[in-house]
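> no sequence for this one, just the structure:
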Ligand code: HEC
Ligand SMILES: [Cu+2]
């Protein structure tokens, strides 16, 4: 099993353009449907090049052939040519129909997942991706999926339009609020692939990346069972510092006082926040700000929205973030730097499920605590199959 997200061996890089079906303008093909998209892309590309050359050559030739030779030059009458007219209707029509049929086939195979696909939920928000397995394990900006297995992503957005794009898999789909969108892929090789957001969604749009790790089944089951690799227990300040980047808080909050979409965290600990439930920035205030950002808006930020992390961060993580805010305010205590002992669960990012699938906003009354999750055994099917 891998211990860090980066340790996946053999991750394809841009150097492998010429292997695995890549080309100068296309990255390697790393999904089972990629070749269909590429075939069509290449066909249209080469057909366009050939047609452009033919039309341009004919044009240049005719310009030269029918140039005006003298002032008395008069053009001859042009008569219709049935053969010519029929051919320029029939040939392009056949070409376009051919592209339609090949395209439709590729559309069908890329949009209908096999019935044994494993479903993973994807939530997009400014400016991060959260992946949630069916057993409730949830991971920010990173997923581990089993190699050679169809994976179906059920995607929705918490805020604005985003778009889920994995170049090597040739999948791209808009992700909309209040609606579910689906893509599927099956990766035949292990490796790590970059997810990009391709719908301009605001200031930190270009940082809205995630990674897909295609791993062997053993590693996949280990992640399902234990949550993603966490590197062991951490002191609250370190956990907070890690979450600050891992959960993309840094896309909106600086820690050096510089302006961002949200207020900088530098020196805010203990500052007055008149009108909020606590009145000052303390543990309760920070927890509310993270879980229910709409409950109190920091003056001056009425037009900026902070996404809610309710159901995505557990108590330890919220406490860690508070410790980190103390740290960048010069108010960290001794306790903030102490590594908790013996309690492995403390730093795992595994989470209880947040709500019903159809209504991600409503918390479930009695969520399953991470410790109570059933271990996934290797002889069990990979995931719930889709009933259609
Ligand atoms: C999309 C931008 C955005 C992201 C991402 C974001 N925030 Fe915020 N945050 C804001 C804005 C805007 C405000 C001020 C408005 C408000 O109070 O809701 C704010 C306010 C806060 C405050 C109160 C600050 C103060 O000065 O009183 C805290 C604490 C906070 N966020 C924590 C977090 C944490 C922790 C994360 C990551 C897990 C996070 N935020 C991610 C935009 C963001
Ligand atoms: Cu986006």
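Received the coordinates, thanks. Quick caveat: nothing in here was measured; it's all calculated off a predicted structure. Numbering: from 1, shown residues only. Ligands and ions are numbered 1, 2, ... in the order given.

> count of neighbours near residue 331?
A count of nearby residues for residue 331, using other C-beta atoms under 10 Å, gives 15. The way it works is simple: take the backbone N, C-alpha and C, and place the C-beta from them, glycine included.

> do residue 286 as well
Neighbour tally, residue 286, other C-beta under 10 Å: 22.

> can you read off the pLDDT for the residue of the chain most remote from its centre?
For the chain, the residue at maximal distance from the C-alpha centroid (C-alpha atoms, centre = their mean) is residue 72, at 68.4 Å. Looking at residue 72, its pLDDT is 83.

> point out the residues in this protein that sit beside ligand 2.
Within the chain, the residues that sit near ligand 2 (C-beta under 5 Å from the ion) are 162, 197, 201, 208.

> residues from the chain in reach of ligand 1?
Contact residues (C-beta under 6 Å from any ligand atom) of the chain with ligand 1: 126, 247-249, 251-253, 261-263, 268, 273, 281, 286, 289-290, 293, 297-298, 301, 304, 306-307, 309, 321.

> out of these, which end up buried?
Among those, those classed as buried by 16 or more other C-beta atoms under 10 Å are 126, 247-249, 251-253, 261-263, 268, 273, 281, 286, 289-290, 293, 297-298, 304, 306-307, 309, 321.

> which of the residues you listed fall within helices?
286, 289-290, 321 (DSSP state H).

> got TSV for those residues, with pLDDT too?
Output for these, formatted as TSV (pLDDT from 0 to 100):
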residue	pLDDT
286	94
289	93
290	93
321	93
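
> among these, which pair sits farthest apart?
289 and 321 (9.5 Å; C-beta to C-beta).

> related to what we said a few turns ago, quick check: the residue farthest from the centre of the chain vs residue 115, distance?
77 Å (C-beta to C-beta, to the nearest Å).

> what's the pLDDT at the nearest residue to residue 39 once chain neighbours are set aside?
Excluding the flanking residues, the one nearest residue 39 by C-beta to C-beta, 6 or more residues apart in numbering is residue 102, at 7.3 Å. In this model, residue 102 is scored at 94, pLDDT.

> roughly how far does residue 102 sit from residue 160?
Going from residue 102 to residue 160 by C-beta to C-beta gives 34 Å.

> strand partners of the helix or strand bottoming out on mean pLDDT in the chain, parallel vs antiparallel please.
The helix or strand of the chain with the poorest confidence is strand 138-140; it has a mean of 79 (mean pLDDT, DSSP states H and E). Neighbouring strands of strand 138-140 in its sheet, by DSSP bridges, are strand 128-133 (antiparallel).

> buried ones in the partner strand, by neighbour count?
Buried positions in strand 128-133, judged by neighbour count with 16+ other C-beta under 10 Å: 128-133.

> how about residues contacting that strand?
For strand 128-133, the external contacting residues (C-beta atoms under 8 Å, 6 or more residues apart in numbering) are 120-123, 138-143, 164, 195, 197, 208, 210, 224, 247-248, 251, 312, 351, 353-354, 383.

> ok, 6 Å please
Residues outside strand 128-133 that contact it (C-beta atoms under 6 Å, 6 or more residues apart in numbering): 120-123, 138-141, 143, 210, 248, 312.

> hmm, which of those is lowest in pLDDT?
Ranked by pLDDT, the contacts of strand 128-133 bottom out at residue 138 (76).

> tell me the spacing between that one and residue 52.
50 Å.

> more crowded one of these two?
residue 138 (23 against 10).

> please report how far that one lies from ligand 1.
13 Å (C-beta to the nearest ligand atom, to the nearest Å).

> what's the distance between the least confident helix or strand of the chain and the middle of its chain?
Relative to the centre of its chain, strand 138-140 is centred 12 Å away, using C-alpha atoms, centre = their mean, to the nearest Å.

> what's the next secondary structure element after it?
strand 142-146 (DSSP states H and E).

> can you give me the domain assignment for the protein?
1-30+112-230+357-388, 34-65+81-111, 236-347 (automatic domain parsing).

> any stretches of the stretch 1-150 of the chain with poor pLDDT?
Across the stretch 1-150 of the chain, the ranges flagged by pLDDT under 70 are 1-22.

> make it 80
Residues of the stretch 1-150 of the chain meeting the criterion pLDDT under 80: 1-24, 73, 75, 135-138.
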